[in-house]
Structure formats: structure tokens, C-alpha cells
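Undergrad: 3D, please:
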Amino acid sequence: MPVLAELYPELPHLPAWRSGDRQLRFLSPPEFARRRPERAYPVAALVFPRYQPQAELELQPLDPVAVLTRLIESNTWLDRPLNPAKIGELCAWIDTTPAYALRYGNLAAALEALATLWP
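TA: Alright, predicted model coming up:
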């Protein structure tokens, strides 16, 4: 959280949610999404960030198996009950959505790298 607090000063004051042994805080959606909450917004890419002090910036594409593994490992909420059709939809979505592992030690550099993913 100290790394992100520079960009999001409200972050330390947001409610914390427990997930296992971690506490999570969620930023509010951008203003455009608050104006139209009923609208679905497409996912341009999945990014799995990992902050490591002093780490060199590394942005690596992930294959669909690695994406599914990371989603499961991150306790992603999956629509229950799972059935073959839902699993097929999830796998098709993963297969068509670009995904990256991002390792960084400098937040400004990470933001610059992320900016290269979208026009």
C-alpha cells in the first residue's frame, strides 16, 4: 500500500476487506464508470502485477494456461456453480484477452509500461 499511496492518497483510509491472511482495499471506479454503472466495459488486458523493491521492470506476455493458473491462485471469484459451459466461456475469454505478468520496483516505470498496452 505505501507504493500506491503516492498516486492514491485516499487508499489508506478506504475500508479493508480480509482475504485469507491479506487485507485488501478497493479503489472507486473511474468517473465514467460511475456515470453508467449498468454498462459493461470490455477488458483490454489482464495484468498480474508484483511489486518487488529494487526489481527491474519486466512485462511478460502470459499464455492462457498461465492466466488460468494465476486467476485461480489469486482467489478470483468464479460464478458458481461451475459447469462445462461456464468453464468453456471462461477459457474462450482468456484465450482472446491479452495477459501479462508485470514485475516492478518503480511505480512510475510500471505505469509507463502499462500505458504501452493501450492506444
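Undergrad: Give me the pLDDT value at Phe119.
TA: For the record, residue 119 is Pro, not Phe. Per-residue pLDDT puts Pro119 at 68.
Undergrad: Which parts of the chain are strands?
TA: 17-19, 22-24, 46-51, 58-61, 99-104 (DSSP state E).
Undergrad: Residues contacting the helix-or-strand element of the chain with minimal mean pLDDT, please?
TA: The helix or strand of the chain with the poorest confidence is helix 31-35; it has a mean of 73 (mean pLDDT, DSSP states H and E). The contact list for helix 31-35, computed with Cβ atoms under 8 Å, 6 or more residues apart in numbering, reads 28, 39, 41. From N, CA and C alone the C-beta is placed, and that goes for glycine too.
Undergrad: counting contacts, what elements does the lengthiest helix in the chain pack onto?
TA: Longest helix in the chain, counting residues (DSSP state H): helix 84-96. When contacts are defined as 3 or more Cβ pairs under 8 Å, 6 or more residues apart in numbering; DSSP states H and E, helix 84-96 sits against helix 64-73.
Undergrad: before we move on, back to that, so of the contacts of helix 31-35, which ones are in helices?
TA: Using DSSP H, none of the contacts of helix 31-35 sit in helices.
Undergrad: now, which of these sits nearest Thr69?
TA: Thr69 lies nearest to Tyr41 out of the contacts of helix 31-35, by Cβ to Cβ, at 25.1 Å.
Undergrad: And the closest one, how far from Gln23?
TA: From Tyr41 across to Gln23, the span is 27 Å (Cβ to Cβ, to the nearest Å).
Undergrad: any idea how the protein splits into domains?
TA: Following automatic domain parsing, one gets these domains for the chain: 1-41, 44-119.
Undergrad: Report the distance from the first one to the chain centre.
TA: Counting by Cα atoms, centre = their mean, to the nearest Å, domain 1-41 is centred 12 Å from the centre of its parent chain.
Undergrad: now the longest one
TA: A distance of 6 Å separates the C-alpha centroid of domain 44-119 from that of its chain, computed with Cα atoms, centre = their mean.
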